[in-house]
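Trainee: here is a sequence together with a model predicted from it:
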2 protein chains.
Amino acid sequence: MNQTRRDVFQAISDPTRREIIHLLARRTLNLNNVADHFTISRPAVAKHIRILTECGLVVVRTRGRETFCEADLKGLKQVSEWANTYQEFWNNKLDALERFLDENPSDENL
Amino acid sequence: MNQTRRDVFQAISDPTRREIIHLLARRTLNLNNVADHFTISRPAVAKHIRILTECGLVVVRTRGRETFCEADLKGLKQVSEWANTYQEFWNNKLDALERFLDENPSDENL
DNA sequence: TTTTTTGGAAACCGTATGGTTTCATTTATA
DNA sequence: TATAAATGAAACCATACGGTTTCCAAAAAA
């Protein structure tokens, strides 16, 4: 749970974290409210939320004794754009690969 | 390197694997050709490729002594669609959250 | 002012991950 | 046929990951 190379792709790789994202997208919740939706322990949920905050997908705001967790999913744009780079692979149009090669001549987006 | 719950989200969480995807999207390569693009060892690359095949993003075809690795990125559609579910968060239109809530009443896509 | 509620933090634990080196095997090539 | 190329497979390693339980502190409520 150290500060490793924490990026959005790694953050969304865990199904529990995707569920948390889904939850917080509807409304802000405090930690216990989030944990109530899962069978795992509260500290485990807290760790997931920390990972989500480390890459900016969740913002935490403390008021009194409560920690409110709010979704800020702008970071998912990067994921969408990355995946869409390869859209030619699932639109089964002809000469899709050719168009892809034309549009991507060198080595940009990893 | 066991057969765990290997899904697309986990497969693309590693930057080396995303680079391999980028590489194979342009053209099919054999294992050594792929490994030549990296500083890590050939067995390490082979393991990454196995993970990519386990979720269908890469297809392997053996001819003679060579193992050709071909990208099959239809599986990334799932990623794109998932991220796009939260598109309202990065299109700064008004009442985006309201629309989101209307369009997603219950608990579908994790 | 006790007593809850809420959550942070620490210490663990088993397993997965990402990497290595070494060796064996199969297929081409000289 | 002897040698080189391409890869699979195994053994190993350090660390990250996802989880737990326990304990402590602060804030709110009785």
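Mentor: The structure has been received and is ready for your questions.
Trainee: and for residue A:22, the neighbour number?
Mentor: Neighbourhood size, residue A:22 [other Cβ atoms under 10 Å in any protein chain shown]: 19. C-beta coordinates here come from the backbone N, C-alpha and C atoms, glycine included.
Trainee: how close does it sit to residue B:64?
Mentor: Separation of residue A:22 from residue B:64 (Cβ to Cβ, to the nearest Å): 48 Å.
Trainee: so residue A:60 is in contact with residue A:67, correct?
Mentor: Yes: checked against Cβ atoms under 8 Å, the pair residue A:60 and residue A:67 is within contact range at 5.7 Å.
Trainee: residues contacting residue A:68?
Mentor: A:28, A:29, A:30, A:60, A:61, A:62 (Cβ atoms under 8 Å, 6 or more residues apart in numbering or on different chains).
Trainee: so it is in which element?
Mentor: Using DSSP states H and E, residue A:68 sits in strand A:66-71.
Trainee: can you tell me what sits against whichever helix or strand comes after that strand?
Mentor: Moving toward the C-terminus from strand A:66-71, the next helix or strand (DSSP H and E) is helix A:76-84. Contact with helix A:76-84 is made by A:8-9, A:12, A:57, A:109, B:18, B:76-77, B:79-80, B:83-84, B:86-87, B:89-90, as judged by Cβ under 8 Å, 6+ apart.
Trainee: out of the residues you listed, which one has the weakest pLDDT?
Mentor: In terms of pLDDT, residue A:109 ranks lowest among the contacts of helix A:76-84, with 39.
Trainee: number of nearby residues for the residue in chain A positioned nearest to DNA strand D?
Mentor: Of the residues in chain A, the one nearest DNA strand D is residue A:64, at a distance of 2.2 Å by Cβ to the nearest atom of the strand. Using other Cβ under 10 Å, residue A:64 is surrounded by 7 other residues.
Trainee: cool, residue A:89 as well?
Mentor: Neighbours of residue A:89 using other Cβ under 10 Å come to 20.
Trainee: quick check: it touching residue B:59?
Mentor: No: contact criterion Cβ under 8 Å: residue A:89 and residue B:59 do not qualify, at 11.8 Å.
Trainee: mutual contacts of these two, please.
Mentor: B:71, B:72.
Trainee: right, and the helix or strand after the host helix or strand of residue A:50?
Mentor: Using DSSP H and E, residue A:50 sits in helix A:42-54. Next along the chain after helix A:42-54, taking DSSP H and E as the criterion, comes strand A:58-63.
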